[in-house]
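Undergrad: Just a sequence and a predicted model for now, questions to come.
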Number of protein chains: 2
Amino acid sequence: MPGTPPTRFVYLGPAGTFAEQALRTIPAAERGSRTPARSVPEALDAVRTGDADAALVPLENSVGGAVAITLDEMVDGAPLVITREVVLPVEFVLTARPGQPITGIRTVAAHPQASTQCRRWLRDHLPDAVVVDVLSNAAAAAAAAGGEQDAAICAPFSIGRQRLDVLADKIADHDDAVTRFVLLGRPGPPPPRTGDDLTSLAVYIAHDRVGALLAVLMELAVRGVNLTRIESRPTGEALGRYAFFLDCTGHVAEDRVGEALQGLRRICAEVRFLGSYPRHRWTTSGTDRPVPAPAGLSDVDYADAAAWLARLRSGELS
Amino acid sequence: MPGTPPTRFVYLGPAGTFAEQALRTIPAAERGSRTPARSVPEALDAVRTGDADAALVPLENSVGGAVAITLDEMVDGAPLVITREVVLPVEFVLTARPGQPITGIRTVAAHPQASTQCRRWLRDHLPDAVVVDVLSNAAAAAAAAGGEQDAAICAPFSIGRQRLDVLADKIADHDDAVTRFVLLGRPGPPPPRTGDDLTSLAVYIAHDRVGALLAVLMELAVRGVNLTRIESRPTGEALGRYAFFLDCTGHVAEDRVGEALQGLRRICAEVRFLGSYPRHRWTTSGTDRPVPAPAGLSDVDYADAAAWLARLRSGELS
């Protein structure tokens, strides 16, 4: 959070799962307090009521899960803004107590989403093992450490200080799966622009006509604002309006983004600003470079055009 | 499925949860066999291998959950097509053994997503009760019936034949939440058009430029094809392409839909057809009427325009 830096953090618990791992990549959180919340709404409420300064919750998750509830809770209730994103690879390991041979594994504890993600590996390597559903990655690790099950599938981070060996790593079927977390705080001045930022919005349009969404995208495109994510949310059909969650390149402090936002404000039933924040760099490869403002759309270009229009209006055509 | 009707159905298990309830709204499934699958991939594989004729899985779920995995699994592997959608309201009840007074409830078994959805009700009515996480709605009902916990939050359907009383119904915080399920089968002629159909697609575009998505939407808009859902899927950034899942109004057998599909085929890196099927009617209210083809875009208009062009090309300008 701008102004006073956050010191009291909440995250989607339980401890020992991906959200805690994501939170601990943030230096301020490593120094501050970190409290697990039972659910995304609970985490967000803690920030809304002032019991915490910031909440770390999953936003996009290729494993499925709590994402829809995060979107809904962000727009339902007092405003919150994203101040940071953290992207983590979804990584799973097979873990067991020291001395357990892989050939002797008859039962594997796993969260259903974890075992689903490792289904191919399980079929190839442990075709006869029984998968026992548990409620979290941390619970899976505990079940293996406690000897209730022969082994566990969990995130490497979930092993923590338990006496467990990793028998196989990177066992997820899709090795490029990631989870995207966001840090949410109460509204305040956004983090400074870095030249490689994202702006998140929820826009509501009155009709399901493709024309209405086209108009939204044109407001962005004409200012060279790219879309990195779009998601429509089902609303009760009787409500007669559609919600779209958009992530755009650029920072609200940039002229072109500001102009696009004003355009959306004019044509949409409602626009909820969900924050401008530095983009998480996935890799240092060529496909992950920041995208500069297209020609003619930098703040300098905007200032020049504004000065020109002012001259036109005042009659100084020289 | 067209041709031979499906008789062997799989659904996302366990038994006694929303997916089974959704499947049982389909007359053919009520007559056929219904087998729970442990996961969405397992359900889809059963259809791909021929062990089942059709799979009923959640596609959109305002409670979060298995949706992302359904999208991914639909496009990953041998083609499957949607032949039907089922939309169910997400409804939760508080249930307990007969004679249990609501005032004496100290523990409530619930799937974490269920208790999250009923958080406000729990805070207002059972502020001191401890919520005990369990792995499914069916498991919650069983825990209350078996006396392990004082009560359970579950779907009304999950109670089944167990000796449980409903102490409170419609306890979800958002009473308009729905889950949308789809019935997936192996490719074959789509169900006949009804005049109120949806067509589902996955389209891949090479860039994250908003211009590329704009071009996709324009192919639809120019043919009067509306969008009822759009969702981008995170792909490994290194892959350098974006996937969008679209639901459009209309049936592949309609000329305007066919022309839009051909347009997408020309401009997208890849288009995967995921089926044309009757739209689920939510209500009979005015907001839920089928949307007829806009003026000039019916099959008759297309036939007339095609005949006219043929005359032009053959020189018959009279």
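TA: Received it, and whenever you're ready, just let me know what you need.
Undergrad: ok, the nearest residue to A:Arg84 once chain neighbours are set aside to A:Ser276 distance?
TA: Leaving out its chain neighbours, the residue that sits closest to A:Arg84 by CB to CB, 6 or more residues apart in numbering or on different chains is A:Leu183, at 4.1 Å. Every residue, glycine included, has its C-beta placed from N, CA and C. Noted for A:Leu183: a distance of 13 Å to A:Ser276, by CB to CB, to the nearest Å.
Undergrad: Do a quick rundown of the helices in the stretch 1-150 of chain A.
TA: Taking DSSP state H, counting those that start in this stretch as the test, the helices found in the stretch 1-150 of chain A are A:18-23, A:27-31, A:40-48, A:67-75, A:112-117, A:119-125, A:137-145.
Undergrad: Low-confidence stretches in chain A?
TA: A:1-3, A:61-67, A:207-210, A:234-241, A:282-291, A:318 (pLDDT under 70).
Undergrad: Counting residues, which helix of it comes out longest?
TA: Scanning chain A for the longest helix, with DSSP state H as the assignment, gives helix A:299-314.
Undergrad: Name the residues of that one that come out as buried.
TA: For helix A:299-314, a neighbour-count test (16 or more other CB atoms under 10 Å in any protein chain shown) marks A:Tyr302 as buried.
Undergrad: Can you name every helix or strand that that helix contacts?
TA: helix A:255-267 (3 or more CB pairs under 8 Å, 6 or more residues apart in numbering or on different chains; DSSP states H and E).
Undergrad: hmm, the helix it packs on touching chain B?
TA: No: Helix A:255-267 lies apart from chain B when judged by CB under 8 Å from any CB of the partner chain; the minimum separation is 10.0 Å.
Undergrad: hey, C-alpha coordinates of that helix in PDB?
TA: Provided in PDB are the C-alpha atoms of helix A:255-267 (Å, rounded to 0.1, in the frame of the first residue of the first chain):
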ATOM      1  CA  ASP A 255      -2.500   9.600 -20.300                       C
ATOM      2  CA  ARG A 256      -3.500   6.900 -22.800                       C
ATOM      3  CA  VAL A 257      -4.800   4.600 -20.000                       C
ATOM      4  CA  GLY A 258      -6.500   7.600 -18.300                       C
ATOM      5  CA  GLU A 259      -8.300   8.500 -21.600                       C
ATOM      6  CA  ALA A 260      -9.400   4.900 -22.200                       C
ATOM      7  CA  LEU A 261     -10.800   4.800 -18.600                       C
ATOM      8  CA  GLN A 262     -12.700   7.900 -19.200                       C
ATOM      9  CA  GLY A 263     -14.100   6.400 -22.400                       C
ATOM     10  CA  LEU A 264     -15.200   3.300 -20.600                       C
ATOM     11  CA  ARG A 265     -16.800   5.500 -17.900                       C
ATOM     12  CA  ARG A 266     -18.900   7.200 -20.500                       C
ATOM     13  CA  ILE A 267     -20.100   4.100 -22.300                       C
END
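Undergrad: show me what contacts A:Glu219?
TA: A:Ala260, A:Gly263, A:Leu264, A:Ile267 (CB atoms under 8 Å, 6 or more residues apart in numbering or on different chains).
Undergrad: For the residue nearest to A:Arg84, what is the enclosing helix or strand?
TA: In this assignment (DSSP states H and E), A:Leu183 forms part of strand A:178-185.
Undergrad: residues in contact with that strand?
TA: A:1, A:6, A:18-19, A:22-23, A:26, A:44, A:47, A:53-63, A:70, A:74, A:80-90, A:200, A:275, A:277, A:280, A:282, B:234, B:236.
Undergrad: So which of A:Leu183 and A:Ser276 has more stuff around it?
TA: Ranked by neighbour count (other CB atoms under 10 Å in any protein chain shown), A:Leu183 and A:Ser276 place A:Leu183 first, with 27 against 24.
Undergrad: how much space between the more buried one and B:Arg272?
TA: 35 Å.
Undergrad: related to what we said a few turns ago, and the angle from the strand holding A:Leu183 to helix A:40-48?
TA: Strand A:178-185 and helix A:40-48 are oriented at 30 degrees to each other (axes from the mean of the first three to the mean of the last three CA atoms, to 10 degrees).
Undergrad: next structured bit after strand A:178-185?
TA: strand A:197-205.
Undergrad: Which strands or helices does that next one pack on?
TA: helix A:67-75, helix A:210-221, strand A:242-249, helix A:255-267, strand A:270-278.
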